[in-house]
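Novice: Here is my input, please return the structure:
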Amino acid sequence: SMSLLSKFKDDPLFGKVLRSSGKLLSANTISLGLSVLQGVMVARLLAPEGLGLIRVIMVYASTVNSILSFRMSELVVRYGSEYLAKNEKDKAAAIIKAAGITEALVSLLAFIVVFFTAGIAEKYFTETTGIAWMFTIYALGLLASFNLETSTGVLQVTHKIELQGVFNLTQNIIATLIIGAAFLWNGTLLVVLGAYLFGKVILGLGMFIAAQMQLQKHLGSGWWKVSLSNLTSTRELIRFAVSSNISATIIKIFRESELLWAALFLPTSVVGLYSVAYAIVSFIAIPADPLISTTFPEINRLIVQKAWPQLKDFLRKITTLSFAYNLMIGMGFAVFGRWIILIYSGSEFLGAYPALVALTIGMVFNYILFWNRPLLLSLGLPDFPIWVTLAVGIFKVSLAFWLIPKYGIVAAGALLSFYYIASVGIMALRGVQKIGQNENRSHH
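Specialist: Alright, predicted model coming up:
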């Protein structure tokens, strides 16, 4: 029996699988389970009407924030890691300080915007009067996350990013306990909102403190006193921040603020149904994410080596694999969708089924060709995705004004699917075409 055990132990592939399985049961997986549990309890506690309202309040704050925000984590990772590697501590300190100050100002601005537009949001996105203050209360979370992106970047650069999972888990446990208590003792919408807000505060402050401790360790105790004149190539920094902001903002407006577009035309209770369909369909992303993070470096490596036939072969293989399992997941959602909704949120939400099917089609397509955007970035076409998402997004929104009031959430789901299929399809085609051009060039 010893030899059998050692065979398994020394098998590198088997060891790798075991290790990654262990990592999968990490903080993030438990957090995900808790989020699902929260979703189940909140849906049953608040019914479609209350769920629609709370989702609108939450999405409004995060949309305002992301329209203004500058993805500071990307900036810190891109330049901070380079300076730290060269041991240029003053430059690293200056970039982190600049990122932190900018992000804090943007968070404050986002809070002020929500504060002053809460009445407008109440009027256009809900049918309830006298709840504008709830938008403002939830937006306090923006103030607590005043340095979340910069801190995330700092923890990535100092190789302590697993702390993010720890804080995320902590806030999820506390939020789940509060929501669980509300669920058992018939709590109000306000308690649920408070639970989500409290979670945001824990994550925001926890990340900030952890990042500050890392900075003290790596850059010394007075690191924040460093002069911003140490910033070289300010123009390049601003261009980097603005361009990563624009692309992320476009995605946010047309995809992640989906519920707000529905809320503009439909009653809050229907938005509640739609949010359940949307939440369930988002589970498709879970098995896809590990595959995505392992394939990006491979794609990049093959492009750097200019190995065009191998790249085409690699893309064909991973697309076949993701086609097979996404198709299975999609069929599962279509066949068992009603039961999934019943288990997740109860019979009051069965009206979400047609939207669930409509959304599934687009999501499956998106995850089959998941390599479309990074391929274009690696091929040196970073602006192409921006123009495609913008054009398709504007077209989608203009159709929304005509279709959603007429056909309800099934139209909303179909439009989001159309957005995925059109934008992802065009980007994947452009990437494959570019590979072909490069291949021809290398033959001549």
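Novice: Would you mind measuring from the residue nearest the centre of the chain to Ser62?
Specialist: The residue lying closest to the centre of the chain (C-alpha atoms, centre = their mean) is Glu256, at 8.2 Å. Applying C-beta to C-beta, to the nearest Å, the value for Glu256 to Ser62 is 7 Å. All C-beta spots, glycine's among them, are computed from the backbone N, C-alpha and C.
Novice: What are the boundaries of the helices in the stretch 101-250 of the chain?
Specialist: 132-144, 148-157, 162-184, 189-219, 234-251 (DSSP state H, counting those that start in this stretch).
Novice: quick one: which of those is nearest Ser269?
Specialist: helix 189-219 (13.4 Å; C-beta to C-beta).
Novice: Off-centre distance for the closest one?
Specialist: Centre-to-centre, helix 189-219 and its host chain are 18 Å apart (C-alpha atoms, centre = their mean, to the nearest Å).
Novice: before we move on, what about stretch 143-156?
Specialist: On C-alpha atoms, centre = their mean, the centre of stretch 143-156 falls 15 Å from the chain's centre.
Novice: Which positions in that stretch come out as buried?
Specialist: By neighbour count on 16 or more other C-beta atoms under 10 Å, the buried set for stretch 143-156 is 144-156.
Novice: ok, now stretch 384-393?
Specialist: Applying 16+ other C-beta under 10 Å to stretch 384-393 flags Phe384, Pro385, Ile386, Val388, Thr389, Leu390, Val392, Gly393 as buried.
Novice: Those in helices, which ones?
Specialist: Those of those mapping onto helices are Phe384, Pro385, Ile386, Val388, Thr389, Leu390, Val392, Gly393, per DSSP state H.
Novice: Report the contact partners of Asp90.
Specialist: Going by C-beta atoms under 8 Å, 6 or more residues apart in numbering, Asp90 touches Val226, Asn230.
Novice: Look up which helix or strand it falls in, please.
Specialist: helix 89-125 (DSSP states H and E).
Novice: which element follows the helix ranked longest in the chain toward the C-terminus?
Specialist: Identified as the longest helix of the chain according to DSSP H is helix 27-68. Counting by DSSP H and E, the next helix or strand C-terminal to helix 27-68 is helix 72-75.
Novice: Once you drop chain neighbours, what's closest to Ser31?
Specialist: Residue nearest to Ser31 in three dimensions, not counting chain neighbours: Asn172, with 4.6 Å by C-beta to C-beta, 6 or more residues apart in numbering.
Novice: Sorry, wrong one. I was asking about Ile318.
Specialist: Spatial nearest neighbour of Ile318, excluding adjacent residues (C-beta to C-beta, 6+ apart): Thr295 at 5.7 Å.
Novice: for the helix or strand containing the one you found, packing partners?
Specialist: Assigned by DSSP H and E, Thr295 falls within helix 285-304. Applying 3 or more C-beta pairs under 8 Å, 6 or more residues apart in numbering; DSSP states H and E, we find helix 285-304 packed against helix 308-345, helix 353-368, helix 372-378.
Novice: could I have that helix exported to PDB, CA atoms only?
Specialist: Extracted in PDB, the C-alpha atoms of helix 285-304 (Å, rounded to 0.1, in the frame of the first residue of the first chain):
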ATOM      1  CA  ALA A 285     -19.200  32.600 -14.200                       C
ATOM      2  CA  ILE A 286     -18.000  30.400 -11.300                       C
ATOM      3  CA  PRO A 287     -16.700  27.400 -13.200                       C
ATOM      4  CA  ALA A 288     -15.400  29.700 -16.000                       C
ATOM      5  CA  ASP A 289     -13.200  31.900 -13.800                       C
ATOM      6  CA  PRO A 290     -10.400  29.300 -13.000                       C
ATOM      7  CA  LEU A 291     -10.200  28.400 -16.700                       C
ATOM      8  CA  ILE A 292      -9.900  32.100 -17.600                       C
ATOM      9  CA  SER A 293      -7.100  32.900 -15.200                       C
ATOM     10  CA  THR A 294      -5.100  29.900 -16.300                       C
ATOM     11  CA  THR A 295      -5.400  30.600 -20.000                       C
ATOM     12  CA  PHE A 296      -4.500  34.300 -20.200                       C
ATOM     13  CA  PRO A 297      -0.800  33.800 -19.500                       C
ATOM     14  CA  GLU A 298      -0.700  31.000 -22.100                       C
ATOM     15  CA  ILE A 299      -2.300  33.200 -24.800                       C
ATOM     16  CA  ASN A 300       0.100  36.000 -24.000                       C
ATOM     17  CA  ARG A 301       3.100  33.700 -24.100                       C
ATOM     18  CA  LEU A 302       2.200  32.300 -27.600                       C
ATOM     19  CA  ILE A 303       1.600  35.800 -28.900                       C
ATOM     20  CA  VAL A 304       5.000  37.000 -27.600                       C
END
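Novice: Tell me how far Ile329 lies from Ile361.
Specialist: 12 Å.
Novice: ugh, wrong one, I meant Phe111
Specialist: For Phe111, the distance to Ile361 - C-beta to C-beta - is 38 Å.
Novice: try Leu108
Specialist: Leu108 sits 41 Å away from Ile361, going by C-beta to C-beta.
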